[in-house]
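Trainee: Please work out how this folds:
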Amino acid sequence: MDDDILTIEEVARYLRVSERTVYDWAQKGEIPSGKIGTVWRFKKSEIEHWVNERLSSGRNNGNFSAVKVQNIISPDRILILNHAKKREALVALAENLASAPQIKNRQELLSEILRREELMSTAIGRGIAIPHVRLSSVTDLVVSVGISRCDIIDFQSLDDVPVRLLFMIASAYNQHAYYLQTLSFFSSHLKATELRESLIAAANPDAAYAILVKQDRG
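Mentor: Modelled structure (predicted):
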């Protein structure tokens, strides 16, 4: 696992929060950090683990009631993928997501998704990746789902399990709370082995959509 050292600015950009927020968290010991001289520094691997723990536990926001799958996903935004490399899978999914009317700048979406992935892997374990961005060019939160027929082997997930399911989330920059609720919603529900296996085995996007919509009642 890469142990690159990040600055406050880089961590703030990754988390989509202010540098002051990161500084306060570091001062209070709420985020993995250390000082080199008088300057705060952060290990990439530790920040990734911290983020994935928070997403997986749902501690960011336990209120899932505002998240309705049918409001943020449609059958035409579910792709059956056959890519063994994450970049190819991310590009295909970003192109699909960019077709949604909520996305106003296709190139910005793709660039930010790839830049975000270069900074830190979005694989959260259990064969799942949740690439996500907040952009001013997005008018409302929207999701595309990728179901891979083969293992995507280079996501560097914490548990070393190849990725088979991708949930790509793009939201407006002012939707921070809803954005976190959506991340937590998918992270929490996808802990269920039965759900993951059902999605991977889905014959087509319509079948996968029907499985996901059931989560609104879960």
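Trainee: buried ones in the helix or strand hosting residue 14?
Mentor: Here residue 14, judged by DSSP states H and E, is contained in helix 8-15. Using 16 or more other C-beta atoms under 10 Å as the test for burial, helix 8-15 gives 8, 10-15. Where C-beta positions appear, they are placed from N, C-alpha and C, glycine not excepted.
Trainee: Repeat that for stretch 168-186.
Mentor: Residues 168-172, 175, 178-186 are the ones in stretch 168-186 that count as buried (16+ other C-beta under 10 Å).
Trainee: what does stretch 130-142 give?
Mentor: Result for stretch 130-142 [16+ other C-beta under 10 Å]: buried residues 130-135, 137-138, 141-142.
Trainee: what does it rub up against?
Mentor: 16, 55, 72, 77, 90, 93, 97, 100-105, 108-109, 112-113, 116-117, 122, 124, 166-173, 175-176, 178-179, 182-183, 186-187 (C-beta atoms under 8 Å, 6 or more residues apart in numbering).
Trainee: what do you get if the cut-off is 6 Å, keeping everything else the same?
Mentor: For stretch 130-142, contacts defined as C-beta atoms under 6 Å, 6 or more residues apart in numbering pick out 16, 72, 100, 102-105, 108, 112-113, 116, 122, 167-173, 175, 178-179.
Trainee: Next step: those residues restricted to helices.
Mentor: Cross-referencing those against helices under DSSP state H gives 72, 108, 112-113, 116, 178-179.
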